[in-house]
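The following comprises the amino acid sequence and a computationally predicted model.
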Amino acid sequence: MATGKKTGGKDFAKGNPGRPKGSVTLPKEIKELNRRKVEVLISKYMAMNLSSLQAKFKDKKTSSIDLMIIKIITECIKRGDYVRFNFLLERTIGTVNRFASLSDVSEDQSATTVIVIPSNNREG
């Protein structure tokens, strides 16, 4: 802890926060709108081929959020990066949980893999 002369700033009393009402939060409707917009953009660009994505990336009228999503997708394609691909899938369909159930073992002793995709209150 620093010692010496105070150089300025507000004197905070112990137990009294600087912002008594808490941090500023966005309304739920705005957060939902932003999440939906990103999901729509990811879905839109995931359906495009690499040359179309590169042409859109070079277009001067493309917005910054579009550029960021296109960059993630093109890097995923070029490098075969499953981490970026997984990020995009989680943003659109939710987390995919994989597990093997021992009760599903057949006569030949091979386990069945079950993939559970949560709805996350999403339509479609």
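That came in fine, so what should we check first? Numbers count the residues shown, from 1 in each chain.

Let me see the ranges of the strands in this structure.
Along the chain, the stretches classed as strands by DSSP state E are 97-101, 112-116.

what residues does the helix ranked longest in the chain touch?
If you go by DSSP state H, the chain has its longest helix at helix 28-46. Residues outside helix 28-46 that contact it (CB atoms under 8 Å, 6 or more residues apart in numbering) are 53, 56, 65, 66, 69, 70, 73, 88, 91, 92. (Glycine included, C-beta is placed from N, CA and C.)

Show the contacting residues for residue 54.
Counting by CB under 8 Å, 6+ apart, residue 54 has contacts residue 74.

now do 10 Å
48, 70, 74 (CB atoms under 10 Å, 6 or more residues apart in numbering).

Could you tell me which residues make contact with the second one?
When you say that, I think you mean residue 70. By CB under 10 Å, 6+ apart, the neighbours of residue 70 are 41, 45, 48, 52, 53, 54, 56, 57, 59, 62.

how about 8 Å then?
Here residue 70 is in contact with 45, 53, 56, 57, 62 (CB under 8 Å, 6+ apart).

The first one now?
With contact set as CB under 8 Å, 6+ apart, residue 48 has these partners: residue 56.

ok, now with 10 Å
Residue 48 neighbours (CB under 10 Å, 6+ apart): 54, 55, 56, 70, 73, 74.

what's the farthest-apart pair in these?
Greatest spacing in these, by CB to CB: 55 and 73 (13.4 Å).

where does the protein dip in pLDDT?
Along the chain, segments meeting pLDDT under 70 span 1-13, 15-22, 26, 30, 33, 96-124.

ranges for the helices of it?
Under DSSP H, the chain gives helices at 28-46, 50-58, 64-79, 82-92.

Next, format those as CSV and append distance to residue 14.
Formatted as CSV, the helices of the chain follow (distance: least, CB to CB, whole Å):
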stretch, distance to residue 14
helix 28-46, 34
helix 50-58, 53
helix 64-79, 43
helix 82-92, 42
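
mind checking how far residue 65 is from residue 39?
12 Å (CB to CB, to the nearest Å).

same question, residue 93
From residue 93 to residue 39 the distance is 9 Å (CB to CB).
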